[in-house]
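Student: quick check, what structure comes out for this input:
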Amino acid sequence: MPTTSAIEGFRAVVPAGGAGTRLWPVSRVGSPKFLHDLTGTGRTLLQGTVDRLAPLAGQGGVLVVTGAAHEAAVHAQLPDLGTAGVIAEPSPRDSMAAIGLAAAVLAEREGDVVIGSFAADHVIEGAGFAEAVRQGVVAARAGFVTTIGIAASEPSTAFGYIELGASLGLDKAPGARHVA
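Tutor: This is a model prediction of the structure:
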């Protein structure tokens with residue numbers, strides 16, 4: 001299966017919020033890091049996230065959830081999403097509430113779809129991402145809650161670690177594993 005083809009019945013949710021205090025003064029409450037080109041690519045972190053997800057989710061398959069204060073900036077950066085592709089939260093409640101809101105909207109609009117949540121401010125390179133998402137969707141359709149991780153390059157107390165368990169035994173998701 002080519003990595004550029006959309007995954008049928010898959011929708012990508014991008015929670016895009018936060019106060020932007022860790023990268024101050026570049027990132028601020030009114031202009032958080034996801035709205036900035038911090039990598040020098042000419043695309044903001046949010047645009048890069050949508051660029052990665054749009055081929056996998058297909059036309060109309062990416063939904064950005066953001067705060068009312070950032071809604072205009074998100075629309076300006078992502079005009080191809082249209083009004084249906086951006087939801088402004090009625091009030092900021094953190095990522096889980098944003099993801100839940102998006103899930104409710106997608107359930108109302110489309111019924112039973114597999115959703116994946118992807119941070120608006122991550123930098124992900126390499127060909128493995130698309131395949132990891134594809135295998136995650138296969139595992140989700142088999143009834144598993146899935147997460148995609150990367151191998152740690154060094155120890156850090158800032159992140160959690162997941163110990164891989166046995167294979168899920170899914171032919172179309174050979175990399176999908178239980179958590180030990």
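
Student: wait, Ala84 touches Gly61, no?
Tutor: No: Ala84 is not in contact with Gly61 according to CB atoms under 8 Å; the separation is 10.9 Å. Every residue, glycine included, has its C-beta placed from N, CA and C.

Student: higher neighbour count, the two?
Tutor: A count of neighbours by other CB atoms under 10 Å puts Gly61 above the other of Ala84 and Gly61, at 22 against 10.

Student: ok, now which ones touch the more buried one?
Tutor: Residues in contact with Gly61 (CB atoms under 8 Å, 6 or more residues apart in numbering) are 6, 10-12, 53-54.

Student: can I get the lengthiest helix in the chain in PDB, CA atoms only?
Tutor: Ordering each helix of the chain by length in residues (DSSP state H) puts helix 95-110 first. Provided in PDB are the C-alpha atoms of helix 95-110 (Å, rounded to 0.1, in the frame of the first residue of the first chain):
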ATOM      1  CA  SER A  95      -5.900  18.400  25.300                       C
ATOM      2  CA  MET A  96      -8.200  15.600  26.500                       C
ATOM      3  CA  ALA A  97     -11.300  17.800  26.400                       C
ATOM      4  CA  ALA A  98     -10.300  19.100  23.000                       C
ATOM      5  CA  ILE A  99      -9.900  15.600  21.700                       C
ATOM      6  CA  GLY A 100     -13.200  14.600  23.200                       C
ATOM      7  CA  LEU A 101     -14.900  17.600  21.600                       C
ATOM      8  CA  ALA A 102     -13.400  16.600  18.200                       C
ATOM      9  CA  ALA A 103     -14.500  13.000  18.700                       C
ATOM     10  CA  ALA A 104     -18.100  14.100  19.400                       C
ATOM     11  CA  VAL A 105     -18.100  16.400  16.400                       C
ATOM     12  CA  LEU A 106     -16.700  13.600  14.100                       C
ATOM     13  CA  ALA A 107     -19.200  11.100  15.500                       C
ATOM     14  CA  GLU A 108     -22.000  13.500  14.700                       C
ATOM     15  CA  ARG A 109     -20.700  14.300  11.200                       C
ATOM     16  CA  GLU A 110     -19.400  10.900  10.100                       C
END
